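Trainee: dropping the sequence and predicted coords here.
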Amino acid sequence: MGAVAPAVARAHREEWGRIVATLIRVTGDWTLAEDSAQDAFEQALARWGTDGVPSNPGAWLTTVAKNKAIDRIRRSATERATLQEVMVMESDDDELDDRLRLIFTCCHPALTLETRVALTLRTVAGLTTTEIARAFLVPEATLAQRLVRAKAKIRNAGIPYRVPPGHLLGERLPGVLAVLYVLFTEGYSASSGERLLREPLAEEAIRLARLLAVLMPDEPEVAGLLALMVLQHARRAGRVDAVGDPVSIEDQDRGLWDADAIAEGNRLLRAALRLRRVDRYQLQAVIASEHASAPSWPQTDFRAIVRAYDDLARVDPSPVIALNGAIARGIAEGPAVGLLRVDLVADRLPGYYLVPAARADFLRRLGRGEEAARQYELALGLAPSEAESRFLQRRLAEVTARG
Amino acid sequence: MQYLLFINTSPDIDPTQPAEKEPLDIEDWVAQMDARGVRTFGDRLQPAVDATTVRVRKGELLVTDGPFVEGKDYIAGIDIIECENLDEAIEIARLHPMATHGNVEIRPFWVWEQ
């Protein structure tokens, strides 16, 4: 009996997206597909305890979901043709295609980014509206309404349920990767909301990226994003201390990093770079790889990191990238250079707490304690979370004590 | 002369609960104007939230959810297209010269129940 809940949870992770994707393809009805899949998993919870976990849970769940869909169609007045198609529904041959179809449809550019993220989590990953609402700190009713609206738009506006044809794929893939990246960074940065709820978001993003990489093995953007996520995620155990406060990478215990994941990330990155179509995800992965592979903070190859930031700034001229590049240069070439570089981008990031925080750090290294303290105070006034504030408070106390 | 009538509404208005008595309901209005031979074409659209806006800037396609309305924007023309799905509508819209200068709002027609 005790093994049932984990078995259902595991099947849910592995099979939900496939079952929903196939049902949507056959019926064209997103709500029917989700409801029927939900029924199947509820039945699994009720039955597997007494009947035992079936040898092929996916096939069992698909059959039950299909029968539930047939029941629902019979009860409503939907056309006979749909019923016929569900009765002969098959999923085995094109299950990968089905899931890819579902991901591309959920990530259609005619939907807003926040809607795409929510829809992907609900439909492809099978998170409940309650879970998604809590992760993104929006009222559940708002999120549920957003999902209803999205499904109405897909139907009313005629968003096709398909993987875009080759000539559109190049334009559409970045939109899909952007959704996975938002999912991942939401889970990774834990800038707000409940941390425990957010780590699964990062894991879900990695799982979906792996799926995409299997389906599209020759796309360096996909492999690069997957490498980036795997490398970042490999450091998760070292990123926070016992009370959940962030630890700067300089002070992290590298023994807590996941060496296997780092090796995998590096393998993925090398494979992506061999395809010779460098993009922002691969360059960010290069930076993550240098950090993750260095035996210690002083032994990190900051010149390689600075080169990657220079390349990245050409692909993505955003000020946050420029700031991170300036910080890297300060570490590679000394705090005086860093201070100068940070000043050059500061105007483009008004009110961003990392600007005074970076200035404070370089001033501290230059031994200019009083000026550092003033910048820490500025940063404290702008810090986005309490954990960040506590970190800045500690540094402020250090420079004031030394001052 | 040919004229285009824009039938406007707002999300706060429920046309099924008229605030005051209408001179004609919609079926009667259509029947009367068709009988007079003055109505060429007309139909209901899906709500504005189902709109998709297409712009082309520096050769790059920009697709956004919903209508794209700025203070001074006005409707400069109309085209009715019949195609497979929203992707094809976007492909058609992006080729329109005004996608480069202004924007093209794609609004699906209402689907009437059989």
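Mentor: In hand now; what should we look at? Keep in mind that this is a model prediction, so the values were computed, not measured. Numbering: from 1, shown residues only, chains lettered A, B, ... in the order given.
Trainee: show the contacting residues for the residue nearest the centre of chain B.
Mentor: Closest to where the C-alpha atoms of chain B average out (C-alpha atoms, centre = their mean) is residue B:107, at 4.9 Å. Residues in contact with residue B:107 (C-beta atoms under 8 Å, 6 or more residues apart in numbering or on different chains) are B:45, B:46, B:48, B:50, B:51. All C-beta atoms are positioned from the backbone trio N, CA, C, and that covers glycine.
Trainee: could you do residue A:311 as well?
Mentor: By C-beta under 8 Å, 6+ apart, the residues touching residue A:311 are A:278, A:283.
Trainee: tally of neighbours for residue A:31?
Mentor: As a burial measure, residue A:31 scores 14 neighbours (other C-beta atoms under 10 Å in any protein chain shown).
Trainee: give the contact list for it.
Mentor: residue A:151.
Trainee: go through the helix or strand hosting it and flag the buried ones.
Mentor: Using DSSP states H and E, residue A:31 sits in helix A:30-51. By 16 or more other C-beta atoms under 10 Å in any protein chain shown, the buried positions in helix A:30-51 come out as A:30, A:32-41, A:43-44, A:48-49.
Trainee: what's the answer for stretch A:202-220, then?
Mentor: Going by neighbour count (16+ other C-beta under 10 Å), the buried part of stretch A:202-220 is A:202-209, A:211-213, A:216, A:219-220.
Trainee: name the residues that touch that stretch?
Mentor: Outside stretch A:202-220, the residues within contact range by C-beta under 8 Å, 6+ apart are A:13, A:17, A:96-97, A:99-100, A:103, A:120-121, A:124-125, A:127, A:173, A:176, A:180-181, A:183-184, A:186-188, A:222-223, A:225-226, A:229-230, A:233, A:236, A:268, A:272-273, A:275-279, A:282.
Trainee: for that stretch, what is the average pLDDT?
Mentor: Taken as a whole, stretch A:202-220 has a mean pLDDT of 88.
Trainee: ditto for stretch B:67-85
Mentor: Averaging pLDDT along stretch B:67-85 yields 89.
Trainee: between the two ends of that stretch, how far is it?
Mentor: One end of stretch B:67-85 to the other measures 18 Å (C-alpha to C-alpha, to the nearest Å).
Trainee: which residues touch the lowest-mean-pLDDT helix or strand in chain A?
Mentor: Ranked by mean pLDDT, DSSP states H and E, the weakest helix or strand in chain A is helix A:80-87, scoring a mean of 70. Here helix A:80-87 makes contact (C-beta under 8 Å, 6+ apart) with A:23, A:26, A:27, A:28, A:29, A:66, A:69, A:70, A:73, A:74.
Trainee: what does chain A put close to chain B?
Mentor: For chain A, the residues found near chain B under the criterion C-beta under 8 Å from any C-beta of the partner chain are A:108-112, A:115, A:149, A:152-153, A:156-160, A:164, A:168, A:171.
Trainee: going through those, which ones are buried?
Mentor: A:108-112, A:115, A:149, A:153, A:156-160, A:164.
Trainee: quick one: contacts for residue A:266?
Mentor: Going by C-beta under 8 Å, 6+ apart, residue A:266 touches A:227, A:231, A:289, A:292, A:293.
Trainee: which of the helices or strands spans the second one?
Mentor: With elements delineated by DSSP H and E, residue A:231 resides in helix A:220-234, which encompasses its position.
Trainee: any idea which helix or strand comes after that helix?
Mentor: Downstream of helix A:220-234, the first helix or strand assigned by DSSP H and E is helix A:236-239.
Trainee: next, the buried residues of that next one.
Mentor: A:236, A:238, A:239.
Trainee: could you do stretch A:259-267 as well?
Mentor: Applying 16+ other C-beta under 10 Å to stretch A:259-267 flags A:261, A:262, A:264, A:265, A:266 as buried.
Trainee: which SSE is the first one in?
Mentor: Taking DSSP H and E as the definition, residue A:261 sits inside helix A:259-274.
Trainee: flag every residue of chain B that's near chain A.
Mentor: So chain B meets chain A at B:46, B:49-52, B:61, B:63-66, B:84-87, B:89-90, B:106, B:108, B:111 (C-beta under 8 Å from any C-beta).
Trainee: need the buried ones from those residues selected in PyMOL.
Mentor: A single PyMOL command selects the buried members of the residues of chain B next to chain A (16+ other C-beta under 10 Å):
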select buried, chain B and resi 46+50+51+52+61+63+64+65+66+86+87+89+90+106+108
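Trainee: in helices, which of the residues of chain B next to chain A appear?
Mentor: Members of these lying in helices (criterion: DSSP state H): B:86, B:87, B:89, B:90.
Trainee: distance to residue A:355 for these - can I get that in CSV?
Mentor: As requested, these are exported to CSV (distance: C-beta to C-beta, whole Å):
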residue, distance to residue A:355
B:86, 42
B:87, 42
B:89, 44
B:90, 39
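Trainee: pick out the most distant pair among the residues you listed.
Mentor: Largest separation among those by C-beta to C-beta: B:87 and B:89, giving 7.3 Å.
Trainee: okay, now the unreliable bits of the chain?
Mentor: Picked chain A for this. A:1-2, A:77-81, A:90-96, A:188-198, A:402-403 (pLDDT under 70).
Trainee: try again with chain B
Mentor: Along chain B, the parts satisfying pLDDT under 70 run over B:114.
Trainee: quick one: the strands in chain B?
Mentor: Along chain B, counting by DSSP state E, strands occupy B:52-57, B:60-65, B:104-106.
Trainee: let's have these in a markdown table, adding distance to residue A:353.
Mentor: Rendered in a markdown table, the data for the strands of chain B read as follows (distance: least, C-beta to C-beta, whole Å):
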| stretch | distance to residue A:353 |
| --- | --- |
| strand B:52-57 | 32 |
| strand B:60-65 | 30 |
| strand B:104-106 | 39 |
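Trainee: quick one: residue A:233 and chain B, what's the gap?
Mentor: As judged by C-beta to the nearest C-beta, to the nearest Å, residue A:233 and chain B stand 30 Å apart.
Trainee: ah, wrong one, I meant residue A:313
Mentor: Look at residue A:313 and chain B: by C-beta to the nearest C-beta, they are 19 Å apart.
Trainee: ok, now which ones touch that residue?
Mentor: Residues in contact with residue A:313 (C-beta under 8 Å, 6+ apart) are A:321, A:322, A:325.
Trainee: wait, doesn't the first one sit right on residue A:312?
Mentor: Put plainly, it is residue A:321. Yes. Look at residue A:321 against residue A:312 with C-beta atoms under 8 Å: they come within range, at 5.5 Å.
Trainee: compare the two (neighbour count), which wins?
Mentor: residue A:312 (23 against 19).
Trainee: quick check: that one touching residue A:325?
Mentor: Yes. Contact criterion C-beta under 8 Å: residue A:312 and residue A:325 qualify, at 7.2 Å.
Trainee: distance of the closest residue to residue A:383 other than its chain neighbours from residue A:246?
Mentor: Nearest residue to residue A:383, sequence neighbours excluded (C-beta to C-beta, 6 or more residues apart in numbering or on different chains): residue A:389, at 4.5 Å. Note on residue A:389: its distance to residue A:246, by C-beta to C-beta, to the nearest Å, is 11 Å.
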